[in-house]
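Peer 1: Take a look and give me a structure for this.
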Amino acid sequence: MHLKRFSVAIPLLAFVVNSAMSQGLLKGTVHESGTNNNLPNVFIRDNNNKQLMLTDKEGRFSIRTEPGHIIIFDCPGYVSDTLYVVNLAPKNIMMVTKTIALREVSINATRQFFDPRKEYPEIYTKSKVYIMSPTTWFSKEGKDARRLKRYFAREEEERRVDAVFNRVYVGSIVPLKGQELEDFLILYRPSYSFIKSNDSESLAVYINDSYKKFKALPVEKRKLPKLVSQ
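Peer 2: Now for the predicted structure:
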């Protein structure tokens with residue numbers, strides 16, 4: 001009887017081991033398209049196994065994945081890139097800059113709130129530091145989790161700004177359209193601390209004052225430099 005149970009367990013264990021070993025480590029570097037500068041702190045997510053990581057200061061990354069998975073690369077100021085994993089050969093990812101990263105959301109619209117604690121609870125668990133556990137201070141896993149936690153905090157703040165300072169709302173206050181409106185949104189984008197400390201009336205005053213400053217600028221100063229891609 002015991003031998004029969006053992007014989008069933010062997011192929012089951014082999015299946016678990018093979019499944020774990022089928023996921024390899026994909027390594028690579030993320031660059032800025034046109035300049036070839038390495039990009040640090042790019043958020044990388046495997047959509048299939050939910051692995052997360054950030055590129056280091058040299059733009060390098062390594063993430064647990066396997067062929068057939070889809071990996072997303074995201075960084076503020078750049079167009080998100082998607083990689084379909086065909087093999088685990090080292091990858092060079094080129095991210096294209098974008099002149100505007102604002103979402104068209106009405107100031108009164110219902111917006112799904114970004115809650116990284118609910119979406120990625122394991123990051124907050126791994127980021128904790130315990131006095132009696134030195135490994136939590138220096139382990140790579142803990143350090144990576146704390147970097148991701150800081151990334152989520154910045155992303156959460158940017159989304160709060162996007163929710164109230166966008167084309168729809170700003171365009172309802174100032175007579176700007178098209179590229180001119182986009183340039184204005186970037187040049188006078190308020191900080192998170194301003195949004196947090198002021199109400200909608202104060203924001204409207206800020207937008208009107210900023211519009212006067214914008215119109216007082218020489219025409220060539222109102223436009224952002226065009227991107228040059230290679």
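Peer 1: Which strand runs longest in the chain?
Peer 2: strand 24-32 (DSSP state E).
Peer 1: Return the distance of that one from the chain's centre.
Peer 2: Here strand 24-32 shows a centroid-to-chain-centroid distance of 16 Å under the convention Cα atoms, centre = their mean, to the nearest Å.
Peer 1: Which of the residues in the top helix by length along the chain are classified as buried?
Peer 2: Counting residues, the longest helix found in the chain (DSSP state H) is helix 140-164. Under the neighbour-count criterion of 16 or more other Cβ atoms under 10 Å, helix 140-164 has 142, 144-149, 151-152, 157-164 buried. Heads up, the C-betas are built off the backbone N, CA and C, glycines and all.
Peer 1: and what of stretch 56-67?
Peer 2: In stretch 56-67, counting by 16+ other Cβ under 10 Å, buried: 56, 59, 61, 63, 65, 66.
Peer 1: can you check stretch 87-96 too?
Peer 2: By neighbour count on 16+ other Cβ under 10 Å, the buried set for stretch 87-96 is 91, 93, 94, 95.
Peer 1: out of those, which one sits closest to residue 74?
Peer 2: When the buried residues of stretch 87-96 are compared for distance to residue 74 (Cβ to Cβ), residue 95 wins out at 9.0 Å.
Peer 1: Please name the residues that touch the closest residue to the closest one other than its chain neighbours.
Peer 2: Spatially, and ignoring its direct neighbours in sequence, residue 95 is nearest to residue 78 (4.3 Å; Cβ to Cβ, 6 or more residues apart in numbering). For residue 78, the contacting residues are 32, 39, 42, 95, 96, 97, 98, by Cβ atoms under 8 Å, 6 or more residues apart in numbering.
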